[in-house]
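Colleague: Sequence and predicted structure below; questions after.
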Amino acid sequence: MSDLAARLDNFLARLEQWLPPQLSDADWQEAVAFRWRKRQSLFGNIGYLQPVRQLPPIHLDDLKNIERQKDAIVGNTRQFVNKLPANNVLLTGARGTGKSSLIKACLNAFVRDGLRLVEVDKDDLGDLGDIVELVAQRPSAS
């Protein structure tokens, strides 16, 4: 019987490598940013959230010559974290114009107010429904 149990353990260990990693309660508590990733599995591509452990040390004061854009994003984000009416935000522009830096600086500015971030590649925008469902299941979502 122990041989069967060992074989089952071995089989489950092999099967787990094809499954997306699960976020623990500690992951939800400790991470303030996540990346949406895809992994090939027996069932096709499966998406999962990967915690970002270290935030880039970029702050709003580091960003120069974009005051109008910065003020708009900061004001809207302040409304959002205070549970007041806020708009969705779409940043457009060529590569290297500071879109990601502005968002990361905004996260650093409002992380103590509860702001969290999920980075999604444009090729994965079709997965937004799945991402929203996963985030809604987090321990602090209630």
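Modeller: Arrived safely, thanks for sending. Numbering: from 1, shown residues only.

Colleague: Please count neighbours and contacts with C-alpha atoms only from this point.
Modeller: Fine.

Colleague: who does the residue nearest to residue 27 when sequence neighbours are not counted bridge with?
Modeller: Residue nearest to residue 27 in three dimensions, not counting chain neighbours: residue 51, with 6.7 Å by CA to CA, 6 or more residues apart in numbering. Beta-bridge pairing for residue 51 (DSSP bridges): residue 34.

Colleague: CA atoms of the strand or helix carrying residue 100 as PDB?
Modeller: In this structure, residue 100 is located in helix 99-110 according to DSSP states H and E. C-alpha atoms of helix 99-110 as PDB (Å, rounded to 0.1, in the frame of the first residue of the first chain):
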ATOM      1  CA  LYS A  99       3.600  55.700 -19.200                       C
ATOM      2  CA  SER A 100       4.700  52.800 -17.000                       C
ATOM      3  CA  SER A 101       6.900  55.100 -14.800                       C
ATOM      4  CA  LEU A 102       3.900  57.300 -14.100                       C
ATOM      5  CA  ILE A 103       1.800  54.400 -13.100                       C
ATOM      6  CA  LYS A 104       4.500  52.900 -10.900                       C
ATOM      7  CA  ALA A 105       5.100  56.300  -9.200                       C
ATOM      8  CA  CYS A 106       1.400  56.600  -8.600                       C
ATOM      9  CA  LEU A 107       1.300  53.200  -7.000                       C
ATOM     10  CA  ASN A 108       4.200  54.200  -4.700                       C
ATOM     11  CA  ALA A 109       2.300  57.400  -3.800                       C
ATOM     12  CA  PHE A 110      -1.000  55.600  -3.000                       C
END
